[in-house]
Every structure is written in C-alpha cells, then in structure tokens.
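Colleague: next comes the sequence, and after it the predicted model I'd like to discuss.
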Amino acid sequence: MGDVLLTLWRRLDDIPADGELPWSYAVARRALANTRRRTGRHLRLVERLKSQPAPDIDDRVDMSPELASALERLSPGEKELVKLWAWDGLEPREIALILGTTANAISLRLGRVKAKLTREISRQDSPPAGHKTGGHIGEQTR
C-alpha cells in the first residue's frame with residue numbers, strides 16, 4: 001500500500017485528468033505484481049540456501065593448532081564475534097548492526113574475547129603447574 005501511495009504522490013503530474021481511478025488501479029496492480037515477484041525470489045533463495053550445507057569457516061582457514069584449540073574453548077557467541085571480526089573483516093560498527101547492539105559494546109566484547117584467546121594460547125605454551133622446565137632431576141634451578 002505504501003509503495004502505491006508513494007508512486008501516486010511522485011507521479012501526480014502524470015495522472016490523467018479524466019481517469020484518476022483506473023490509472024491508480026494500474027499503479028496498484030503493478031506494485032502488487034512487483035511484490036509477488038520479489039517475495040517469490042526471496043522464497044526460492046531461502047529454499048536454495050536451506051538445501052545447501054553451511055560451510056564451516058574453521059575448515060577454510062589455515063590456523064595453528066593452538067589457535068584452533070583456543071577457539072574451541074570460546075562460547076558460540078564469542079566464536080561468532082571473532083569470525084565476524086577476524087575472518088569477515090568487519091568493523092565493530094558493522095558487527096553492531098548485525099548483532100543489534102552498539103559499536104562500543106562490540107569493542108568491549110571483542111577486547112575481552114581477544115584477551116581470553118591470548119590467555120588460552122599462552123596457557124597451552126606454558127608447562128603444567130608443578131613442573132619445572134630445564135635442568136635435570138636432582139638439580140636445583142636458580
């Protein structure tokens with residue numbers, strides 16, 4: 001309905017003086033046909049996408065085993081945030097639009113996730129608690 005009224009308003013000068021109603025019906029008919037075609041295309045696209053398996057971005061990105069392991073420890077929301085930022089190259093303001101929040105909130109969340117990933121990776125690199133590195137059994141370390 002809004003499309004029809006907008007078209008009628010924009011084309012006020014084109015409306016024939018003796019055929020306002022038939023001309024308006026023709027505009028409405030064409031607007032309805034356009035909406036039906038657009039909806040049909042949308043539904044066909046949705047069906048086509050539903051029939052295809054979703055690609056797992058982790059399989060397409062070459063990453064270190066440490067990073068892959070650290071990513072596995074993230075929550076699904078944290079993984080999505082990292083993928084949007086790192087793999088898709090989106091800015092916080094763009095991610096905010098996608099996730100329906102503010103760019104500031106995304107920046108804060110992204111900072112926390114980066115710190116968490118750094119901790120996870122460094123934890124993998126450090127020896128288990130209670131183990132000494134270097135030296136031999138019986139030697140004292142300084």
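Modeller: Received, thanks.

Colleague: top helix in this structure by residue count?
Modeller: helix 20-51 (DSSP state H).

Colleague: from the contact counts, what lies against that helix?
Modeller: With contacts defined as 3 or more C-beta pairs under 8 Å, 6 or more residues apart in numbering; DSSP states H and E, helix 20-51 has these neighbours: helix 2-10. Where C-beta positions appear, they are placed from N, C-alpha and C, glycine not excepted.

Colleague: got the angle for the helix it packs on vs helix 20-51?
Modeller: Angle of helix 2-10 versus helix 20-51, following axes from the mean of the first three to the mean of the last three C-alpha atoms, to 10 degrees, is 140 degrees.

Colleague: only alpha carbons, please: show helix 2-10 as PDB.
Modeller: Provided in PDB are the C-alpha atoms of helix 2-10 (Å, rounded to 0.1, in the frame of the first residue of the first chain):
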ATOM      1  CA  GLY A   2       2.800   2.400   0.900                       C
ATOM      2  CA  ASP A   3       4.500   1.700  -2.500                       C
ATOM      3  CA  VAL A   4       1.300   2.600  -4.300                       C
ATOM      4  CA  LEU A   5       0.700   5.800  -2.500                       C
ATOM      5  CA  LEU A   6       4.400   6.900  -2.900                       C
ATOM      6  CA  THR A   7       4.200   6.200  -6.600                       C
ATOM      7  CA  LEU A   8       0.900   8.100  -6.900                       C
ATOM      8  CA  TRP A   9       2.400  11.000  -5.000                       C
ATOM      9  CA  ARG A  10       5.600  11.200  -7.000                       C
END
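
Colleague: mind giving me the packing neighbours of that helix?
Modeller: Short answer (3+ C-beta pairs under 8 Å, 6+ apart): helix 2-10 packs on helix 20-51.

Colleague: could you pull out the buried residues of the helix it packs on?
Modeller: For helix 20-51, burial by neighbour count (16 or more other C-beta atoms under 10 Å) applies to 27, 28, 31.

Colleague: what's the helix or strand for residue 71?
Modeller: Secondary structure assigned from DSSP states H and E places residue 71 in helix 65-72.

Colleague: any idea of the mean pLDDT in that helix?
Modeller: Helix 65-72 shows a mean pLDDT of 82.
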